[in-house]
Structure formats: C-alpha cells, structure tokens
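1. Could you work out the structure for the sequence below:
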Amino acid sequence: MSKTTATRGTIFSWALFDFANTSFYVIIITLVFPLYFTNVLAGENEAVWTRTISISMLLTALIGPVLGSIADATNRKKFFLGIFTVACILATTALYWVTGPALLGFAIVLLIIANVGFEGGTIFYDAFLPEIAEEKDYARVSAFGWAVGYAGSFLILGAVLPILMGEPTQDQVRLTFLIAAGSFALFSLPMFLKVPEEARIASRSNGSPIREGYRRLRQTFTHLRSYKDIVRFLAAFFIYNDGILTVIALAAIFMNKTLGFTTTQQIIFFMIVQATALGGSILFGRVADRIGSRATLFITLSIWIVVVIVAYFVQDATAFFVVGGIAGLALGSSQSTSRTLMALLTPEEKKTEFFGFYDGFFGKASAVLGPLIFGEVAITLGQRPAMLVIGVMFVIGMLLLARVPDVRPQVVTAQSD
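-> Numbering: from 1, shown residues only. Below is the predicted model of the structure:
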C-alpha cells in the first residue's frame with residue numbers, strides 16, 4: 001500500500017484500534033481494576049499495585065526495542081500486533097474469575113500479561129502511522145487516532161456508569177472487566193481486516209526472527225550516534241512522559257485516598273477528562289500543523305505544570321473536576337504530538353525499529369520509574385507534595401526538549417530528496 005493512496009476508511013480503521021484498546025486501559029489500568037485490586041485483592045496495600053504495574057512496564061521496556069527490530073526484519077507488524085492484542089484480551093477476560101484475596105497471585109500474573117499485551121501492541125500500531133499518512137499529515141492523523149481513542153474511553157465509561165453507580169457489588173465490578181475485553185476484541189477487528197501492511201522487502205536472514213531482531217538491535221545501538229536529534233528527543237520524552245504516565249496510573253488512587261471520591265464521582269471525572277482530551281487532540285493537532293510539533297509540546301507541557309500545581313492545593317471535588325478538564329486538554333495532545341515528532345525525526349527505513357525505542361523502551365521504562373518515585377515521596381511527605389515532583393519532571397522534560405530541532409514535514413521532505 002502506498003501512503004499517498006491511503007483512504008479515509010483505512011485511516012478510520014487504524015484509528016478504531018485506539019478506540020478499542022482504550023476500553024482496556026481506562027477500566028483495567030486507570031479506573032476500575034486499580035481500586036478492586038488494592039481494596040479487595042491486596043488488602044489496601046497500594047505498593048502491590050504500583051510494583052505490579054512497574055514489573056509489567058519493565059518487561060515491555062526490555063522487549064520493546066527487540067519487537068520493533070523483529071517487525072522490521074520480518075515485515076510482519078500486523079502479525080505481532082495480533083499476538084499481543086489476543087494476549088491482552090484473554091488475560092483481561094480471565095480477570096473476571098479473580099474473586100478474592102486468595103487469588104491475588106493469579107491476578108498479578110494476569111495483569112502483567114494483559115498490560116504487556118496492551119503496551120507491546122502499541123509499538124506495532126504506532127509504526128503504521130508512516131504507512132497510512134504522508135509526512136505533511138502526520139500531526140493531523142496522529143491527533144485523529146488519539147481523538148477516536150478518547151471518544152472510546154468516554155463511551156466505555158458511559159457504558160459502565162449504570163453498573164457502578166451507588167455501591168456496586170463485586171460481581172458488578174468484575175462484569176466491567178468482560179466489557180473491556182469484549183470492546184477491545186470487537187473494535188480492533190477493522191485494524192486487522194481493513195488496514196493493509198505496506199508491501200516492502202523485509203530483511204533476509206538465515207537465522208530466526210528473534211536472532212535477526214537482536215542483530216538489528218545491536219546494529220541500532222552501534223549507529224545511534226548518527227541520530228543525535230532522536231537521542232535528544234527520546235531523553236526529553238522519557239522525562240515528561242514519566243510525569244504523564246504517573247498521573248494516569250495513580251489518579252484513581254489519589255482521588256479515592258486523598259479526596260475521598262466515590263466510584264460514581266471518579267467515573268464522571270474521567271468522562272470529563274476523556275471529553276476534553278478528545279477536543280484537545282483535535283485542537284492541538286491543528287495547532288501542530290501551523291506552529292510545529294515541538295512548539296505545540298511546549299504548550300501542552302506548560303498546561304501539565306499548571307495542572308499539578310493546582311492539584312497540590314485543591315480541596316474539593318468541584319475544583320478537581322476543573323483540574324481534570326484542563327488535564328484532558330494536555331493529555332491526548334501531548335501524546336499524539338510526541339508520536340508525530342518522533343515520526344518526523346525518524347529515517348524511513350528505521351520507522352518500526354525506532355518506534356520500538358520510542359514507545360517500547362523509553363515510554364515503558366518511564367512508567368517504571370515514575371510511579372515508584374511518586375510512591376516513595378508519597379510515603380514520606382504525602383500524595384500532595386508528590387504532585388509537585390511530577391511538575392519537576394515536566395520542567396526538566398521541557399528543558400531537554402529545547403535541544404531538539406524544530407523539524408517540520410517540509411524540512412524532512414527536502415532533506416530526503
């Protein structure tokens with residue numbers, strides 16, 4: 001398939017995968033399962049949750065770059081995306097049968113499998129962006145994918161809200177796990193049925209794909225000094241994405257433990273976040289088209305700094321709803337714009353492999369450190385001061401981002417001609 005012939009239907013089918021996998025993320029990682037895990041399974045021991053998430057992200061970080069190398073070597077991104085997607089869906093489905101503390105170990109294993117499946121799959125999904133869009137359209141198409149994803153989050157929250165209102169039973173809570181798995185399975189189908197994989201010559205090797213993947217990974221490390229701009233961006237991304245993922249991972253626990261939010265209040269809060277994130281993705285996608293991805297990231301990271309400072313002082317639910325709305329504007333836009341800037345910086349022949357570094361290693365490794373740092377600060381000083389630590393991450397990320405060139409689509413095209 002040629003990038004120039006990608007139809008609107010192809011782009012929409014690609015974006016629907018974002019719609020599909022957010023059902024898993026919002027229910028299992030962000031909102032419902034974290035509280036079920038900590039309050040029902042782990043005896044309100046929050047450290048078990050943060051450690052489990054960190055382990056799953058560490059595993060993904062370790063295998064992510066190799067996954068990208070394997071996909072480049074074999075030209076089978078969709079095949080590997082399917083494997084990780086199925087693993088996530090099956091493990092999420094099995095969580096329904098985790099009914100009490102005696103099955104905590106089983107829940108930990110399932111959660112690790114599910115999250116590695118989800119996070120590993122995003123490596124291959126992101127790598128389709130350069131195949132379905134021209135460089136001049138990267139920002140808009142990437143933002144569209146995030147917007148569709150946040151629309152999915154909003155709808156899935158609306159679907160489970162009647163189930164979780166009031167004082168839901170454990171059976172009702174666990175039913176949402178099946179809803180997440182089923183939604184992921186259903187809405188991921190267009191990606192596999194309608195989005196062709198670009199026909200190109202894959203690398204030839206007499207060894208196994210895994211061996212070839214490691215070979216290409218070693219080669220990438222050897223030549224990484226030739227891609228200094230990418231190294232600079234990845235360093236900045238590592239720090240500021242650390243802050244973003246930490247906020248996402250611990251928002252529900254912060255609301256529950258520090259602000260005393262009910263389940264219904266939390267769902268409404270996250271619906272507000274998803275709605276504004278959808279609008280923010282579209283808005284800042286257009287802004288990036290006009291002023292560039294780097295400048296747009298400076299704007300969204302500035303919004304994040306304001307959010308964590310205000311969160312430090314907030315005392316009531318109404319004020320925190322406002323904070324959530326502002327955070328949503330920055331949430332989808334900062335992640336979609338990061339994906340666009342990475343695509344612009346990366347050589348054509350290294351797209352999947354370098355996206356393995358971008359999303360598979362740097363993105364996931366930052367999710368290992370962030371929650372742990374937040375947790376240690378929260379233990380000694382409390383959750384509110386820990387919020388200010390997140391703000392420091394955003395400031396450092398912006399300082400590192402200033403060293404990344406302000407690359408635009410037309411500049412990349414001119415260099416490649």
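2. Restrict stretch 176-192 to CA atoms and write it as CSV.
-> In CSV, the C-alpha atoms belonging to stretch 176-192 read as follows (Å, rounded to 0.1, in the frame of the first residue of the first chain):
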residue,chain,number,x,y,z
THR,A,176,-16.8,-4.4,33.6
PHE,A,177,-13.6,-6.5,33.0
LEU,A,178,-15.6,-8.6,30.5
ILE,A,179,-17.0,-5.4,28.9
ALA,A,180,-13.4,-4.1,28.5
ALA,A,181,-12.2,-7.3,26.9
GLY,A,182,-15.2,-7.6,24.6
SER,A,183,-15.0,-4.0,23.4
PHE,A,184,-11.3,-4.4,22.7
ALA,A,185,-11.9,-7.5,20.7
LEU,A,186,-14.8,-6.1,18.6
PHE,A,187,-13.4,-2.7,17.7
SER,A,188,-9.9,-4.0,16.9
LEU,A,189,-11.2,-6.1,14.1
PRO,A,190,-11.1,-3.3,11.4
MET,A,191,-7.4,-2.8,12.0
PHE,A,192,-6.7,-6.4,11.1
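3. any residues touching it, and which ones?
-> 12-14, 16-17, 19-21, 23-24, 26-28, 32-33, 78, 81-82, 85, 88-90, 92-93, 95-96, 125, 152, 156, 159-160, 163-164 (C-beta atoms under 8 Å, 6 or more residues apart in numbering). The way it works is simple: take the backbone N, C-alpha and C, and place the C-beta from them, glycine included.
4. do stretch 306-318 as well
-> 243, 247, 259, 261, 265, 319-320, 323, 326-327, 330, 384-385, 387-388, 390-391, 394.
5. returning to that earlier point: from the contacts of stretch 176-192, list the buried ones, please.
-> By neighbour count, with 16 or more other C-beta atoms under 10 Å, the contacts of stretch 176-192 hold 12-14, 16-17, 19-21, 23-24, 26-28, 32-33, 78, 81-82, 85, 88-89, 92-93, 95-96, 125, 152, 156, 160, 163-164 as buried.
6. Now intersect those with the strands, please.
-> Within those, no residue falls in strands by DSSP state E.
7. Just the residues you listed: which are in helices?
-> 12-14, 16-17, 19-21, 23-24, 32-33, 78, 81-82, 85, 88-89, 92-93, 125, 152, 156, 160, 163-164 (DSSP state H).
8. what secondary structure does Val407 sit in?
-> coil (DSSP: H, G, I helix; E, B strand; the rest coil).
9. What sits closest to it if chain neighbours are left out?
-> Leu344 (4.9 Å; C-beta to C-beta, 6 or more residues apart in numbering).
10. Relative to Ala20, how far out is that neighbour?
-> 26 Å (C-beta to C-beta, to the nearest Å).
11. Could I get the buried residue list for stretch 245-260?
-> 245-259.
12. Specify which member of the residues you listed is nearest to Ile299.
-> Closest to Ile299 out of these is Val247 (17.5 Å), distances taken as C-beta to C-beta.
13. Now do the contacts for the closest one.
-> Val247 is in contact with 304, 307-308, 327, 390, counting by C-beta under 8 Å, 6+ apart.
14. Now the buried members of these.
-> Counted by 16+ other C-beta under 10 Å, the contacts of Val247 give 304, 307-308, 327, 390 as buried.
15. So which of those are in strands?
-> Using DSSP E, no member of these falls within strands.
16. Where does confidence bottom out across those residues?
-> Lowest pLDDT of these: Ile390, 84.
17. hmm, back to that, mind listing what's buried in the helix or strand that contains the residue nearest to Val407?
-> Per DSSP states H and E, Leu344 falls inside helix 317-345. Neighbour-count burial for helix 317-345 flags 317, 320, 323-345 (criterion: 16+ other C-beta under 10 Å).
18. burial count for Arg225?
-> Residues lying near Arg225 (other C-beta atoms under 10 Å) number 8.
19. Contacts for stretch 277-295 next, please.
-> By C-beta under 8 Å, 6+ apart, stretch 277-295 touches 139-140, 142-144, 146-147, 150-151, 153-154, 296, 299-300, 328-333, 336-338, 340-341, 344, 401, 404-408.
20. What are the buried residues along that stretch?
-> Here stretch 277-295 shows 277-285, 287-289, 292-294 as buried, counting by 16+ other C-beta under 10 Å.
21. Which of those fall in helices?
-> 277-285, 287-289, 293-294.
22. Same list as before, those that is, but in JSON lines and with distance to Val195 and pLDDT included.
-> Shown next, in JSON lines, are those (distance: C-beta to C-beta, whole Å; pLDDT from 0 to 100):
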{"residue": "Ala277", "distance to Val195": "24", "pLDDT": "79"}
{"residue": "Leu278", "distance to Val195": "22", "pLDDT": "76"}
{"residue": "Gly279", "distance to Val195": "26", "pLDDT": "79"}
{"residue": "Gly280", "distance to Val195": "25", "pLDDT": "81"}
{"residue": "Ser281", "distance to Val195": "20", "pLDDT": "75"}
{"residue": "Ile282", "distance to Val195": "21", "pLDDT": "77"}
{"residue": "Leu283", "distance to Val195": "26", "pLDDT": "83"}
{"residue": "Phe284", "distance to Val195": "25", "pLDDT": "83"}
{"residue": "Gly285", "distance to Val195": "20", "pLDDT": "77"}
{"residue": "Val287", "distance to Val195": "27", "pLDDT": "85"}
{"residue": "Ala288", "distance to Val195": "23", "pLDDT": "82"}
{"residue": "Asp289", "distance to Val195": "23", "pLDDT": "81"}
{"residue": "Ser293", "distance to Val195": "24", "pLDDT": "86"}
{"residue": "Arg294", "distance to Val195": "29", "pLDDT": "91"}
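23. Adding distance to Gly117, write these out as JSON lines.
-> What follows is these, written out as JSON lines (distance: C-beta to C-beta, whole Å):
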{"residue": "Ala277", "distance to Gly117": "23"}
{"residue": "Leu278", "distance to Gly117": "25"}
{"residue": "Gly279", "distance to Gly117": "29"}
{"residue": "Gly280", "distance to Gly117": "27"}
{"residue": "Ser281", "distance to Gly117": "24"}
{"residue": "Ile282", "distance to Gly117": "29"}
{"residue": "Leu283", "distance to Gly117": "31"}
{"residue": "Phe284", "distance to Gly117": "29"}
{"residue": "Gly285", "distance to Gly117": "28"}
{"residue": "Val287", "distance to Gly117": "33"}
{"residue": "Ala288", "distance to Gly117": "30"}
{"residue": "Asp289", "distance to Gly117": "33"}
{"residue": "Ser293", "distance to Gly117": "29"}
{"residue": "Arg294", "distance to Gly117": "32"}
